[in-house]
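Enquirer: Show me how the following folds:
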Amino acid sequence: MLWLKIATFIVWLYVVYALHRAELFFFKFLVGSVGMFFFLMMFIQPIILHPLSMAVTAVTGIPGDLFGFYDSYYRHVTLFIPKDTISVSMIIDYECSGIVEIMAFSSLLWFYPLYNNLEKLVIDTIGIALIFLVNVLRLFLIAVLIYYYGNEIFYFAHTLFGRVIFYIFSITLYFYVFTRPHIIRQKVGVFKYGNIDNIEPDR
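Expert: Now for the predicted structure:
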């Protein structure tokens, strides 16, 4: 199946190139970002998933060890949370690693026409770091809730509380990276948002 994946990748590159030559930039962004996400998940995700999960577990373990809420076993990508006479083991799996969010953000950014390549590299690096740290914060808060309230709160903490925190951050990140700069930089009529010097005086 490797040859089919490579052939699909080559076709995708050609389609993106053709859309660029035709100046169909919206479709280039759409096809490019979706395709990049697909190929990142196909080729890169299997390679970095486990190291990323280990890194998330190790960093999440720092505040856990500091405050005594849980123990971190990064080699086994597991947080061990003691609660009275029982203990809860939380495994940092595919969903908790943040890999989907990281690759989705990178795919959208690299085909977003607003930035040059250097800007994209800097923003992508900062964005990935922020996604990583917010994911660590999310897991820390989930583990703290389990520490205080037991396994009965796991569903609420993981499925609802943790996701709300991550979604709020994601919306904020996407607003400041995509929406706000687009509004500021776009030209409307004879002036440009964010630069009053371009406004023509009334005659």
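Enquirer: okay, CA-based contacts and neighbour counts for the rest of this
Expert: Noted.
Enquirer: what's the neighbour count on S107?
Expert: S107 sits with 22 neighbouring residues when counted by other Cα atoms under 10 Å.
Enquirer: Now it: closest residue in space, sequence neighbours ignored.
Expert: Sequence neighbours aside, S33 is the residue nearest to S107 in space, at 4.8 Å (criterion: Cα to Cα, 6 or more residues apart in numbering).
Enquirer: can you pull the contacts of that neighbour?
Expert: For S33, the contact set (Cα atoms under 8 Å, 6 or more residues apart in numbering) comprises 107-111.
Enquirer: Pipe the residues you listed into CSV and attach distance to Y70, secondary structure and pLDDT per row.
Expert: Putting the contacts of S33 into CSV (distance: Cα to Cα, whole Å; DSSP: H, G, I helix; E, B strand; the rest coil; pLDDT from 0 to 100) gives the following:
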residue, distance to Y70, secondary structure, pLDDT
S107, 35, helix, 97
L108, 36, helix, 97
L109, 36, helix, 97
W110, 38, helix, 97
F111, 41, coil, 96
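Enquirer: which secondary element of the protein has the worst mean pLDDT?
Expert: For the chain, using mean pLDDT, DSSP states H and E, the weakest element among its helices and strands is strand 191-192, scoring a mean of 44.
Enquirer: Tell me where the model's unsure across the chain.
Expert: Counting by pLDDT under 70, the chain has low-confidence residues at 85, 186-203.
Enquirer: For the longest helix anywhere in it, which helices and strands make contact with it?
Expert: When the chain is parsed with DSSP state H, its longest helix is helix 117-149. Using 3 or more Cα pairs under 8 Å, 6 or more residues apart in numbering; DSSP states H and E as the contact test, the elements touching helix 117-149 are helix 45-67, strand 78-83, helix 94-97, helix 99-110, helix 154-155, helix 162-174.
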